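*Asks:* let me see the structure of the following:
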Amino acid sequence: MTREVWPGNPYPRGATFDGAGVNFAVFSQVATRIEVCLFDPQDSSREIERFELPATTDCVFHGYVPGMEPGTLYGLRVHGPYEPQHGHRCNPYKLLVDPYAKALVGEVDWSQPVFGYPLGHEQQDLMRDERDSAPGMPKCVVVSDFFDWGNDRAPNVPWRKTVIYEAHVKGLTMRHPKVPEHLRGTYAGLAHPAIIEHLTKLGVTAIELLPVHEYADDSFLGEKGLSNYWGYNTLCFFAPEQKYASRKTPGAIVNEFKSMVKALHAAGIEVLLDVVYNHTCEGNHLGPTLSLKGIDNATYYWHMPEARYDLDFTGCGNSINASNPAAARLIVDSLRYWVQEMHVDGFRFDLATVLGRQNKGEFSPNAAIFQILNQDPVLSRVKLIAEPWDVGMGGYQVGNFPAPWREWNGKYRDAMRRYWKGDENLVAEVGHRFTGSSDMFQGAKRRPQASINFITAHDGFTLHDLVTYGHKHNEANGEHNRDGADDNQAWNCGAEGETDDAAIISLRERQKRNLLASLFLSQGVPMLVAGDEMGRTQGGNNNAYCQDNELSWVDWNLDERRQSLLDFTSRLIQFRHRQPVLQRRRFFQGEHIWDSEHKDLTWFKPDGREMDSEDWQKPFVRSLAFLLGGDAIPSADERGQRIIGDALLVLLNAHHEPVRYTVPPPAEGSRWTIELYTADDTLGPDAPVPEGPFELTGRSFAVFRQVTSG
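*Replies:* Numbers count the residues shown, from 1 in each chain. The predicted structure follows:
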């Protein structure tokens, strides 16, 4: 029987179920015709039907199939020029993933002919391979967008109150003893009360998930018995990654993801997604033909002047050309879908500099896609975070993204690591980093919250490994320890790897607390990596992208030392939430505000005298203090009322020997109490500060809080 196909509509793109049938719409400037292939739900490798999209509007091929229902499996075949020398690689023998597919089933099978050209020939990619790739390709799933959101509301946590927790869906849940075994590693597992309880007790306000867009495993990793654990190898920008589904019914993953978001929102936790719009899993000119490459290669990717070759700003073989209106629309449509249909609260953009490249590939803060996002009524209101670098020329753009973007501050990470391991010539930079990096953001009239502060991230050492290993140990990755960064600004505290030496263990625990205290006492937005609050280790592996095993998964079996670190971190985050002076919306002026008793910010030397310009130039300064005036906050609260909090005195000693501090006097009628002291956890909170100079242990951090006497 010949299926009835109506002309349908060019929008929305993808496969859209309206209750009575399905509309298909696919954009391509070069295609001559596009076919939709349907597959047997019981055997997804078997094609059972195909039909051509009968109408074209503004380069969008479209058609409507009455009676078609959710759960239908499909793929695309695109007819058009196969002219690699001109950037065109259409090949109807290769089944393609719809770029707007809402769900997929199956994985890429690298043993099948998924490359558009015959492997093993000279000038091989100039020849078209005519073997059918369908048996080795994932299939798209028609889904229904209906979901009972009930009274779900976005938490809308202000930036100044935001604490981000970077986590991997599987890594966070796989070893948790209270998560049922069948839910571990899944979206449903992440929504389990045991996980949510940990997040709320810790005090985080947003969970930032490593990539959950459908991605393809790398063939070379499969040959080594490894897999792409992190997922920075996107195949489809709309479909949730099926590996994290607890139910395997085609399309059920969409509602499972929505249920996870709903549960996290009910606990007041925002959901941010780490998204990869800078490249795809199709690689360079020798990569596979899986989706965009076969639909309209010249439109979606950057190319060299000789169009056969990709222009690679990512180190992954290709780069999405967001300066092209069609590619920009794909990105924006994807973002809007995740906000409007999936209710996510924001995004962290991997290698975001790529998105800002235009013309000949030069970065511009005025790039079209930045303007589009800034003007979009939906996307301009969610959290947008840039990883502000790529591997291309002029790729390091920290501080150069436009409002309303926030940025991962790699300079913050490096300065804090170097300071606490005892490097010199850092005091001025440390001063900037603690106070919101005004040297990078204030000139552009941005706020302290433009800086996303972090000590560690998924890419690199964990916090525990940062103080346990002096160099990387990536042998398990199968690249002879050549992969991963060599410059980690790490210090092993006197022994490489784990040790029984009590003095070294004590120093390492103190260093972890110093780094955490720095993170949460700094102006800006703090980001904590899952497991760092519990001393998670990767055995010195600083590039565990391919380790989908216990090396990467969070270990929830806590001994006394790890439990103590968790308690300290939770106390630290809760303290931050209580202190308005740590949530400033404007940069410091170093002056009295209103009728404040203290200046908004004052820097002191250990002898109690204020620092002058010469002190900031001294190379050997490792010990200093600063006072934050709790009554010198210029911003008003949501009701227009003056904000008054506690005055805080922060003492820093990165020197290896103790330093005696002359404590500046508190305001009249007040006294100092010890809120935390990384060298002695028995002091604080609210312990009185001893009379006379305060001796700060080598490599330690203390916070005093001003309270009313009496």
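*Asks:* from now on I want contacts and neighbour counts done on CA atoms only, so please keep to that.
*Replies:* OK.
*Asks:* flag the shaky bits of the chain, pLDDT-wise.
*Replies:* Within the chain, the segments meeting pLDDT under 70 span 1, 710.
*Asks:* okay, and the beta partners of the residue most central in space within it?
*Replies:* The centroid of the chain falls nearest to Asp274 when counting by Cα atoms, centre = their mean (3.9 Å). The partner list for Asp274 in beta bridges (DSSP bridges) reads Arg348.
*Asks:* and it, how far from Trp672?
*Replies:* 42 Å (Cα to Cα, to the nearest Å).
*Asks:* quick one, helices of this protein?
*Replies:* 169-173, 187-190, 193-202, 219-223, 252-266, 292-300, 325-340, 368-375, 410-420, 427-434, 438-441, 463-466, 502-521, 560-578 (DSSP state H).
*Asks:* so what touches stretch 404-424?
*Replies:* If you take Cα atoms under 8 Å, 6 or more residues apart in numbering as the criterion, stretch 404-424 is touched by 374, 380, 383-388, 398-399, 401, 426, 429-430, 433, 437, 449-456, 489-491, 511, 514-515, 518, 619-622, 654-656, 699.
*Asks:* and the end-to-end length of that stretch?
*Replies:* Start-to-end, stretch 404-424 (Cα to Cα) is 35 Å.
*Asks:* from the chain's centre, how far out does it sit?
*Replies:* 17 Å (Cα atoms, centre = their mean, to the nearest Å).
*Asks:* same check on stretch 366-381?
*Replies:* 19 Å.
*Asks:* the stretch 1-150 of the chain: strands as residue ranges?
*Replies:* Using DSSP state E, counting those that start in this stretch, the strands of the stretch 1-150 of the chain run over 14-17, 21-27, 33-40, 43-52, 55-57, 60-66, 73-79, 82-83, 88-89, 104-105, 139-141.
*Asks:* ok, and the closest non-adjacent residue to Gly287?
*Replies:* The spatial neighbour of Gly287 that comes closest, neighbours along the chain excluded (Cα to Cα, 6 or more residues apart in numbering), is Phe115 at 6.7 Å.
*Asks:* check Gly460 too.
*Replies:* Asn542 (4.1 Å).
*Asks:* just confirm the one you found contacts Ala476, I think it does.
*Replies:* No - Asn542 is beyond contact range of Ala476, at 11.0 Å (criterion: Cα atoms under 8 Å).
*Asks:* neighbour-wise, which of the two wins?
*Replies:* Taking other Cα atoms under 10 Å, Asn542 and Ala476 do not tie; Asn542 has more neighbours (23 against 15).
*Asks:* show me what contacts that one?
*Replies:* Asp459, Gly460, Phe461, Thr462, Lys472, His473, Asn474, Gly484, Ala485 are the contacts of Asn542 under Cα under 8 Å, 6+ apart.
*Asks:* show me what contacts the last one?
*Replies:* Right, the one you point to is Ala485. Gly460, Lys472, Asn542, Asn543.
*Asks:* can you put those residues in CSV and add distance to Ala368?
*Replies:* Output for those, formatted as CSV (distance: Cα to Cα, whole Å):
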residue, distance to Ala368
Gly460, 32
Lys472, 40
Asn542, 35
Asn543, 33
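*Asks:* give me the neighbour count for the nearest residue to Cys37 once chain neighbours are set aside.
*Replies:* Spatial nearest neighbour of Cys37, chain neighbours left out: Arg50 (4.2 Å); criterion: Cα to Cα, 6+ apart. As a burial measure, Arg50 scores 17 neighbours (other Cα under 10 Å).
*Asks:* what do you get for Gly684?
*Replies:* Around Gly684 there are 17 residues (other Cα under 10 Å).
*Asks:* likewise for the one 4 residues further on?
*Replies:* By other Cα under 10 Å, the residues close to Pro688 number 15.
*Asks:* contacting residues for the residue lying closest to it once chain neighbours are set aside?
*Replies:* Leaving aside its chain neighbours, Pro688 sits nearest to Thr673 (4.5 Å; criterion: Cα to Cα, 6+ apart). Contact partners of Thr673, counting by Cα under 8 Å, 6+ apart, are Gly684, Pro685, Asp686, Ala687, Pro688, Val689, Phe704, Arg705, Gln706, Val707.
*Asks:* ok, for the second one, nearest residue in space, not its chain neighbours?
*Replies:* Residue nearest to Pro685 in three dimensions, not counting chain neighbours: Glu675, with 4.2 Å by Cα to Cα, 6+ apart.
*Asks:* mind checking which of the contacts of stretch 404-424 are buried?
*Replies:* 374, 380, 383-388, 398-399, 401, 426, 429-430, 433, 437, 449-456, 489-491, 511, 514-515, 518, 621-622, 654-655, 699 (16 or more other Cα atoms under 10 Å).
*Asks:* of the residues you listed, which belong to strands?
*Replies:* Lys383, Leu384, Ile385, Ala386, Ser451, Ile452, Asn453, Phe454 (DSSP state E).
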